[in-house]
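Asks: Sequence below, structure please.
(one chain, ligands or ions: 1)
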Amino acid sequence: MWPGTVHRSFECGVREMINDQKVMFSAMQATGDLTLGNYIGALANWVKTADDYMSFFSVVDQHSITVRRKVSDLRQNCRKSLAIYLAAGLDPEKHCIYYQSHVPAHAQLAWILSCHTYIGELNRMTQFKDKAAKNESNINAGLLTYPVLMAADILLYQADVVPVGVDQKQHLELTRTLAQRMNNLYGDIFTVPEPYITKVGQRIMSLQEPGRKMSKSDENPNATVFILDDKDTILRKFKRAVTDSDRTVRFDRENKPGISNLMEIYSVATGQELSEIEAAFDGLGYGEFKLAVGEAVVKMLAPLHERYEAIIQDKTYLDNIIKSHAEKANYFAVRTLWKVEKKVGFPVHIR
Ligand code: TYM
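Replies: Next up, the predicted model:
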């Protein structure tokens with residue numbers, strides 16, 4: 001599947017190199033410990049579908065500096081994220097797993113795309129508005145142009161499919177707009193990607209305020225389950241999850257957001273349909289249900305936990321992946337970049 005079997009000439013683009021196999025791309029920021037929301041909304045779906053595509057998964061460290069971080073934290077989080085990707089089941093023999101900053105073409109393409117993006121389009125992004133409101137003292141240009149870098153991530157690999165949680169949908173729409181705009185201006189350059197968003201689990205909510213998305217940076221320690229939380233912590237957080245004054249386990253996102261969120265989590269963790277869950281817990285109390293959800297999540301994450309411990313300690317294994325996969329990603333990314341550079345009129349590379 002990887003180069004070696006494919007055409008190595010720099011004259012051919014990504015499509016030709018992979019014999020028209022479909023491409024999947026997705027990524028996560030390394031701003032903190034990954035959450036159950038990241039797992040259910042994204043990572044679990046990557047693992048499920050990655051084998052059907054030529055798949056690229058990045059730890060997007062460049063996206064992570066729009067907000068000030070402790071330098072050593074960022075570096076450590078990048079490594080932890082990579083180890084979690086692997087522990088979750090991504091296969092380095094089949095999928096390309098790399099750090100964004102190790103592939104310079106991301107930032108290079110982002111510049112070209114930013115010259116084709118209107119300020120009005122960026123100002124409309126809800127994530128920008130939210131983050132700007134939270135970081136009033138540091139509304140930097142990167143916070144605004146963040147979706148352009150994200151578009152570059154995706155378009156560089158000519159991705160057909162991008163599995164994400166629903167919070168990234170608006171960014172994906174902008175990516176599609178930019179791809180179409182560039183194609184109209186310069187001829188066929190980019191594949192126009194489709195988001196892949198599951199029906200159940202597309203937006204996991206805070207366990208304490210089910211009206212808000214579960215997020216890494218929530219100040220309430222009981223609001224967010226982290227992928228690497230231990231068994232007791234996971235059970236405790238679910239036990240304390242906010243529900244409602246009713247007593248029936250019934251799916252109603254509007255009127256019973258806490259219980260509906262728990263039902264979605266349980267559905268993903270066990271593979272049961274929402275209607276099956278309603279039937280199974282008919283007549284039982286919330287206490288019993290919350291315990292069952294906690295236990296199902298513990299069971300779902302147990303194999304990941306086990307593999308993670310081995311992977312994070314294996315420095316040579318991780319370092320080898322970091323190096324060789326950056327090379328693979330560069331190999332593909334530079335082809336799209338050079339094609340775009342040529343189309344927009346930059347002098348061609350002498351090879
Ligand atoms: P990030 O790092 O915030 O989240 C990574 C992925 O996890 C999903 N997600 C959730 N899904 C369901 N419920 C939640 N509570 C939840 N929280 C997070 C996100 O939707 C995402 O799929 N901008 C992106 C990172 C990115 C990217 C890309 C994604 C950069 N370039 C290219 C896809 C393709 C972000 O900040 O995701």
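
Asks: Could you report the pLDDT at residue 69?
Replies: On pLDDT, residue 69 comes in at 82.

Asks: Look at it and tell me its secondary structure.
Replies: Secondary structure state of residue 69, per DSSP: H, G, I helix; E, B strand; the rest coil, is coil.

Asks: Please apply the same query to residue 28.
Replies: Relying on three-state DSSP, one would call residue 28 strand.

Asks: Could you do residue 148 as well?
Replies: Going by three-state DSSP: residue 148 is helix.

Asks: what's the neighbour count on residue 40?
Replies: Number of residues near residue 40 (other CB atoms under 10 Å) recorded here: 26. In short, each C-beta sits where N, CA and C put it, glycine included.

Asks: if you skip the residues just before and after it, what's nearest to it?
Replies: residue 201 (4.2 Å; CB to CB, 6 or more residues apart in numbering).

Asks: and that neighbour, that's in a strand?
Replies: No. Judged by three-state DSSP, residue 201 forms no part of a strand; its state is coil.

Asks: Which residues of the chain lie near the ligand?
Replies: Contact residues, the chain versus the ligand (CB under 6 Å from any ligand atom): 25-29, 37-38, 40-42, 60, 63, 150, 153-154, 162, 164-165, 167-168, 171, 202-204, 213-214.

Asks: Apply 5 Å and report the result again.
Replies: Taking CB under 5 Å from any ligand atom as the contact definition, the chain meets the ligand at 26-29, 37-38, 41-42, 60, 63, 150, 153, 164-165, 167-168, 203-204, 213-214.

Asks: Out of the residues you listed, which sit inside helices?
Replies: 37-38, 150, 153 (DSSP state H).

Asks: Turn these into a markdown table, including pLDDT.
Replies: As requested, these are exported to a markdown table (pLDDT from 0 to 100):
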| residue | pLDDT |
| --- | --- |
| 37 | 98 |
| 38 | 98 |
| 150 | 98 |
| 153 | 98 |
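
Asks: For residue 131, state which of these is nearest.
Replies: Nearest to residue 131, judged by CB to CB, of these is residue 150 at 13.4 Å.

Asks: residues contacting the closest one?
Replies: Taking CB atoms under 8 Å, 6 or more residues apart in numbering, we find residue 150 in contact with 27, 60, 63, 168, 171, 175.

Asks: if I look at it, how far off is residue 46?
Replies: 16 Å (CB to CB, to the nearest Å).

Asks: what's the answer for residue 292, then?
Replies: 26 Å.

Asks: Name the SS class of the residue in the chain sticking out farthest from the centre, please.
Replies: Residue farthest from the centre of the chain, counting by CA atoms, centre = their mean, is residue 283 at 37.6 Å. Following three-state DSSP, residue 283 is assigned to coil.

Asks: Skipping adjacent residues, who's closest to the closest residue to the ligand within the chain in space?
Replies: Per CB to the nearest ligand atom, residue 41 is where the chain lies closest to the ligand, at 1.9 Å. In this structure, residue 41 finds its nearest non-sequential neighbour in residue 165, 3.0 Å apart by CB to CB, 6+ apart.

Asks: Next: residue 159.
Replies: Excluding the flanking residues, the one nearest residue 159 by CB to CB, 6+ apart is residue 25, at 3.7 Å.

Asks: Count the residues that sit near that neighbour.
Replies: 24.

Asks: show me the contacts for it.
Replies: Counted by CB under 8 Å, 6+ apart, residue 25 has contacts 55-58, 153-154, 157, 159, 161-162, 193.

Asks: Ok, residue 45 next?
Replies: Contacts of residue 45 (CB under 8 Å, 6+ apart): 163, 196, 198.

Asks: redo that, cut-off 6 Å
Replies: Residue 45 is in contact with residue 163, counting by CB atoms under 6 Å, 6 or more residues apart in numbering.

Asks: tell me the mean pLDDT for the helix or strand it falls within?
Replies: Assigned by DSSP states H and E, residue 45 belongs to helix 44-49. Mean per-residue pLDDT for helix 44-49: 98.

Asks: again with stretch 217-227
Replies: 95.

Asks: Take the ones in helices among the residues of the chain next to the ligand and write them to TSV, including distance to residue 105.
Replies: As requested, those are exported to TSV (distance: CB to CB, whole Å):
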residue	distance to residue 105
37	29
38	25
150	14
153	10
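
Asks: What does the pLDDT read for residue 21?
Replies: 89.

Asks: and if you look at residue 154?
Replies: 98.

Asks: Show me what the one helix or strand residue 310 maps to is packed against.
Replies: Using DSSP H and E, residue 310 sits in helix 286-313. Applying 3 or more CB pairs under 6 Å, 6 or more residues apart in numbering; DSSP states H and E, one finds that helix 286-313 makes contact with helix 71-88, helix 231-239, helix 257-270.

Asks: The nearest residue to residue 78 once chain neighbours are set aside: what's it in contact with?
Replies: Closest residue to residue 78 apart from its sequence neighbours, by CB to CB, 6+ apart: residue 30 at 4.4 Å. By CB under 6 Å, 6+ apart, residue 30 lies in contact with 59, 61, 64, 77-78, 81.

Asks: Closest to residue 246 out of these?
Replies: Among the contacts of residue 30, and counting by CB to CB, the member closest to residue 246 is residue 81, at 38.4 Å.

Asks: If anything else comes up later, I'll come back, but that's it for now.
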